[in-house]
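>>> model this:
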Amino acid sequence: MPARAPALPAGEGLPCTADADCPVLPCGPCEPGTPVTPERLSGPSCARNPCKNAASVCKERVCVVHPDTTKDPAVWGPAK
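Below you'll find the model as predicted:
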């Protein structure tokens, strides 16, 4: 049986070497640069993703929310 990687400390971003290593977040956050953590992948559950251009990228070997990700006005309402 292969050795398992140690669990990441809570709140620490997923490690990566390329953008393809980073998952799409099903339910936010929508703030660019926010680290993608295991906790964000496992909950909460959304009927609709509250972000436009929901994606993550590899930045300095950690997955973060893509710079072009924004709050979807259809979910959040118009910007104030």
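>>> all helices in this protein, in order from the N-terminus.
38-41, 73-76 (DSSP state H).
>>> Tell me which of the ones you listed lies nearest to residue 21.
helix 38-41 (13.2 Å; Cβ to Cβ). C-beta: built from backbone N, CA, C; applies to glycine.
>>> As CSV, could you dump the C-alpha coordinates of the closest one?
The C-alpha trace of helix 38-41 is given here as CSV (Å, rounded to 0.1, in the frame of the first residue of the first chain):
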residue,chain,number,x,y,z
PRO,A,38,-9.4,21.0,1.9
GLU,A,39,-12.2,22.5,4.1
ARG,A,40,-13.4,24.6,1.2
LEU,A,41,-13.7,21.5,-1.0
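>>> Could you tell me how far it lies from the centre of the chain?
Relative to the centre of its chain, helix 38-41 is centred 8 Å away, using Cα atoms, centre = their mean, to the nearest Å.
>>> Could you do stretch 41-54 as well?
9 Å.
>>> What sits closest to the residue nearest in space to the middle of the chain if chain neighbours are left out?
Nearest to the mean C-alpha position of the chain, counting by Cα atoms, centre = their mean, stands residue 36 at 4.0 Å. Among residues not flanking residue 36 along the chain, residue 63 sits closest, at 3.9 Å (Cβ to Cβ, 6 or more residues apart in numbering).
>>> Report the contact partners of that neighbour.
Shown in contact with residue 63 (Cβ atoms under 8 Å, 6 or more residues apart in numbering): 13, 14, 15, 16, 21, 22, 23, 35, 36, 56, 57.
>>> Where do the strands of this structure begin and end?
Taking DSSP state E, the strands of the chain run over residues 51-52, 56-59, 62-65, 70-71.
>>> I'd like those strands as JSON lines, with distance to residue 29 appended.
JSON lines is the format used below for the strands of the chain (distance: least, Cβ to Cβ, whole Å):
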{"stretch": "strand 51-52", "distance to residue 29": "8"}
{"stretch": "strand 56-59", "distance to residue 29": "10"}
{"stretch": "strand 62-65", "distance to residue 29": "6"}
{"stretch": "strand 70-71", "distance to residue 29": "9"}
